[in-house]
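Undergrad: quick one: sequence and predicted model below, then my questions.
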Amino acid sequence: MLQNYQPLTALPADIQRDWQAQLCQAVPTANGVFRLVAARRTSPKTFEEQRVIVLVIDENGFPIPNIPVAFAYSTANFYPIAPDFSWTPPSQNAFVVPTAGSGQIDQVQGSGVRQGQPGGITAFILHPEFSSDYVTGAGMLADHTGLHLTFQLRRIGVRPIAERLQALEDYAGDSGELARRLYVANSQITNLQTFSDEQKAANDNLSLQLSMAQDRIATLTAQVNELLEQNKAHY
């Protein structure tokens with residue numbers, strides 16, 4: 001929850017290798033799309049064995065109940081879609097079942113995937129308003145290992161909380177850096193002003209000493225001139 005999921009552009013290499021499975025990305029409708037954001041093997045020796053499991057979550061990572069999930073395969077019943085569907089699903093021969101309150105649903109597999117051949121299941125979300133990525137070649141391996149797939153709803157104009165929080169943190173970080181730089185600049189200005197004041201005081205003191213020296217020279221010059229005049233009068 002509140003995890004910043006990123007859409008997958010390809011299935012993990014081991015799943016591609018062992019199932020011959022592939023991820024196909026959908027073109028979003030005007031409302032949005034269900035993206036595959038996680039794919040893994042099912043856990044051994046648990047209820048997950050022999051299953052293809054689909055978990056559906058919203059933009060913030062919370063499970064969404066009552067979302068129709070399609071497990072398509074060649075011998076499945078034809079599933080008609082309503083005229084208001086805004087996209088074309090990859091198959092209409094599918095077992096379709098809604099997610100439970102946990103946002104999850106699964107299909108138990110009766111037979112295993114033959115080595116070197118793709119599984120026979122194509123999994124996707126069958127929603128009229130939002131298109132869906134889909135995974136082909138899903139199924140169960142000979143050792144009963146299945147697949148767990150997570151689809152995330154990505155509505156147009158809806159920004160995940162985790163993404164918004166990250167943006168706020170980034171903004172706060174940028175603001176803190178700007179504040180630090182401003183503080184440094186202000187400190188430098190203050191130091192320059194202090195230095196300028198000190199220089200001004202030193203200059204004022206120097207000017208005073210120079211003025212006093214000039215006055216002293218003038219006094220000494222007057223005294224010398226007076227002595228010279230006295231000597232002239234004497235001789």
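TA: That came through fine.
Undergrad: domain-wise, how is this structure divided?
TA: The chain is divided into the following domains under automatic domain parsing: 13-158, 159-228.
Undergrad: need the strands for this protein, in chain order.
TA: Secondary structure of the chain by DSSP state E: the strands cover 22-24, 32-41, 51-57, 68-72, 94-98, 104-108, 121-125, 131-132, 134-138, 147-155.
Undergrad: format the domains of the chain as CSV; extra columns: mean neighbour count.
TA: In short, each C-beta sits where N, CA and C put it, glycine included. Shown next, in CSV, are the domains of the chain (neighbours: other C-beta atoms under 10 Å):
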stretch, mean neighbour count
domain 13-158, 18
domain 159-228, 10
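Undergrad: in terms of mean pLDDT, which of the ones you listed ranks lowest?
TA: When the domains of the chain are compared on mean pLDDT, domain 159-228 scores lowest, with a mean of 69.
Undergrad: hang on, residue 145 packs against residue 40?
TA: No: counting by C-beta atoms under 8 Å, residue 145 sits too far from residue 40 to count as a contact (10.3 Å).
Undergrad: against residue 170, how distant is the residue most central in space within the chain?
TA: Residue closest to the mean C-alpha point of the chain, counted by C-alpha atoms, centre = their mean, is residue 163 at 5.6 Å. Distance, residue 163 to residue 170, by C-beta to C-beta, to the nearest Å: 10 Å.
Undergrad: again, but for residue 69
TA: 36 Å.
Undergrad: check residue 157 too.
TA: 21 Å.
Undergrad: report the contact partners of the residue nearest to the centre of the chain.
TA: residue 4 (C-beta atoms under 8 Å, 6 or more residues apart in numbering).
Undergrad: look up how far residue 144 lies from it.
TA: On the measure of C-beta to C-beta, residue 163 and residue 144 end up 38 Å apart.
Undergrad: repeat for residue 57
TA: Distance from residue 57 to residue 144, by C-beta to C-beta: 26 Å.
Undergrad: same thing with residue 34?
TA: 27 Å.
Undergrad: about what we covered before: same list, the strands of the chain, but as a markdown table with distance to residue 219 please.
TA: As requested, the strands of the chain are exported to a markdown table (distance: least, C-beta to C-beta, whole Å):
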| stretch | distance to residue 219 |
| --- | --- |
| strand 22-24 | 101 |
| strand 32-41 | 94 |
| strand 51-57 | 97 |
| strand 68-72 | 108 |
| strand 94-98 | 110 |
| strand 104-108 | 105 |
| strand 121-125 | 104 |
| strand 131-132 | 102 |
| strand 134-138 | 105 |
| strand 147-155 | 93 |
